[in-house]
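> Using only what follows, build the 3D model:
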Amino acid sequence: MLEEYIEKLKDEIIDSTCSLIEIPSVFSNDNTNDYPFGKNTVKALEYVLNLGKEFGFRTKNIDNKCGYIEFGEGEKLLGIIGHLDVVPVTDDWTYPPFNPKVINGKIYGRGAVDDKGPVIAALYAMKIVAENYKIDKRVRLILGLDEERDWGCINRYKETEELPTVSFSPDANFPCIYAEKTILSVYISEEYKPNKDIEIENIDTNNNAINVVPKYCKCILKINTNSINLDELTEFLENIISENGFNIKLKQIDDNHLEITSLGVSAHAARPYLGKNAISKIIIILNELFNKYNAKQDLLEYFSKYIGDDYTGKNLKINFKDESGELTLNTARFYIENNKIYIGMNLRIPVSVNLDKLKHIINSSNLNHKINIEFTDYKKPIFISKQNKLVQKLCNIFNEFNNSNIEPEAIGGGTYARAFENCISFGPKMPDAEDMCHQVDEYISIENLLFCTKAYVKAILEL
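Have a look, this model is predicted:
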């Protein structure tokens, strides 16, 4: 019966997912209280809230920062926690990222799997339950608009709204997640004093997000050709690039400007080994260049020595590991602002690691340097026993549907499950499926989307 009902709604679920993907809900600083995370994030929220109203559900927009859709009656509140914002896109998609295409059973578009498709699946699961089953609790789909950045959305929700009795987030992997690593960002910086002979005039990273492995970085160097031979400088860089096997292109713009473009492969910061970091590679060759021409920048020197093109933290001697996985590091930001040069890194830290010890190790590496180190964007870890009832119930739902016996997972990703007590992540990524989160040509298969709908119906009924 359930499969037949979902099949009848199949086209509607696909169309709703595509309509939501069409809204380019990337964070935008519009400098207005009306749109704290950008106009398009609010458009996405309004679209889903209106869909909930069409289903006869109660809805609420909370200061254009978040919202919710609810049905049912009763004292207990089941929460489903999703987000409608998406990470920025680059210009090398096969299909336009906000003009979704259905090709070979897959819906392509930014947010298809993270997290718009799963949100739509959860909303239609609520519709199916409301129309076909009797339950004695309330079910609330909570929608955030700033998950990919600072979580200002969910923090606002917690300030003013009722907290769920139990909840799940459709924003990770099946069968379910029992542990999520600590998340911490580290920004290193120093005052930038341009050298008279060689100067970084501009840095462009396509506004790369801190939780994405950067696939693009371009620097414009201004060269004093009265003291430096540009052809010799270019040859020096080409040799370093060749020796390291970096995908970096050089282009002379005019008589005293050189363009350096580094190309990588994007991936989620929780899995940096799936990508190739464009920023780290360009910093390494810049450091070599600046040292050769006596224009040493301590920040670049520090980075090349202690970070480099490595994602495990071994150069900093912070290569920790436990059952939640190994420590990973993603160099994600590189920019000049207010006469300072900054490098931003995002760490995913095993749950057992003492944070003060980690910070001490990183600070100690700065003893022979003059850089500033700032720790920010801290998100506490999750670690719940695999024997926990919530973990077992959600895991069993997946395994019963798939005639499998797969264990709960630990991940480096950060989901809204961290924001609430008695909450874990449940889907949408299937075991062994390609991970398209934050990737170019992001997609969700229609089969996966419909399975999510079925799994979330069962989860609502079981919880």
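
> What are the boundaries of the helices in the stretch 351-463 of the chain?
Along the stretch 351-463 of the chain, the segments classed as helices by DSSP state H, counting those that start in this stretch run 355-364, 389-402, 446-462.

> Save those helices as a markdown table, and put in mean neighbour count too.
Every residue, glycine included, has its C-beta placed from N, CA and C. Shown next, in a markdown table, are the helices of the stretch 351-463 of the chain (neighbours: other C-beta atoms under 10 Å):
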| stretch | mean neighbour count |
| --- | --- |
| helix 355-364 | 14 |
| helix 389-402 | 18 |
| helix 446-462 | 21 |
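
> Make a markdown table out of those and add distance to residue 374 and mean pLDDT.
Supplementary listing: those in a markdown table, determined by distance: least, C-beta to C-beta, whole Å; pLDDT from 0 to 100:
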| stretch | distance to residue 374 | mean pLDDT |
| --- | --- | --- |
| helix 355-364 | 11 | 95 |
| helix 389-402 | 35 | 97 |
| helix 446-462 | 38 | 98 |
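
> could I get the ones you listed as TSV with distance to residue 98?
Listed next are the helices of the stretch 351-463 of the chain as TSV, based on distance: least, C-beta to C-beta, whole Å:
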stretch	distance to residue 98
helix 355-364	38
helix 389-402	31
helix 446-462	18
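
> got the contact list for the host helix or strand of residue 287?
Here residue 287 sits within helix 278-292, counting by DSSP states H and E. Here helix 278-292 makes contact (C-beta atoms under 8 Å, 6 or more residues apart in numbering) with 195, 198, 200, 205, 208, 214-217, 219, 233, 236-237, 240-241, 244, 246-248, 260, 262-264, 296-297, 300-301, 303-304, 307-309, 331-334, 343.

> for it, what is the average pLDDT?
Mean per-residue pLDDT for helix 278-292: 96.

> how far is the next helix or strand after it from where the chain is centred?
Next in sequence after helix 278-292, counting helices and strands by DSSP H and E, comes helix 298-306. Distance of helix 298-306 from its chain centroid, counting by C-alpha atoms, centre = their mean, to the nearest Å, is 26 Å.

> partners of the next helix or strand after helix 298-306, with directions?
Past helix 298-306, further along toward the C-terminus, the next helix or strand under DSSP H and E is strand 321-322. Here strand 321-322 has these sheet partners by DSSP bridges: strand 325-326 (antiparallel).

> can you list contacts of the strand it pairs with?
Residues contacting strand 325-326 (C-beta under 8 Å, 6+ apart): 181, 312, 319-320, 348, 350, 410-412.

> quick one: contacts of the helix or strand that that strand is followed by?
Using DSSP H and E, the helix or strand that follows strand 325-326 in sequence is strand 328-337. For strand 328-337, contacts defined as C-beta under 8 Å, 6+ apart pick out 187, 192, 200, 203, 205, 208-214, 217, 269-273, 277, 279-280, 282-283, 303, 307, 310-313, 341-348, 412.

> so which of the helices of the stretch 351-463 of the chain comes closest to residue 59?
When these are compared by C-beta to C-beta, helix 446-462 sits nearest residue 59, at 17.7 Å.

> Verify the contact between residue 9 and residue 124 for me.
Yes. Counting by C-beta atoms under 8 Å, residue 9 does reach residue 124; the two are 6.0 Å apart.
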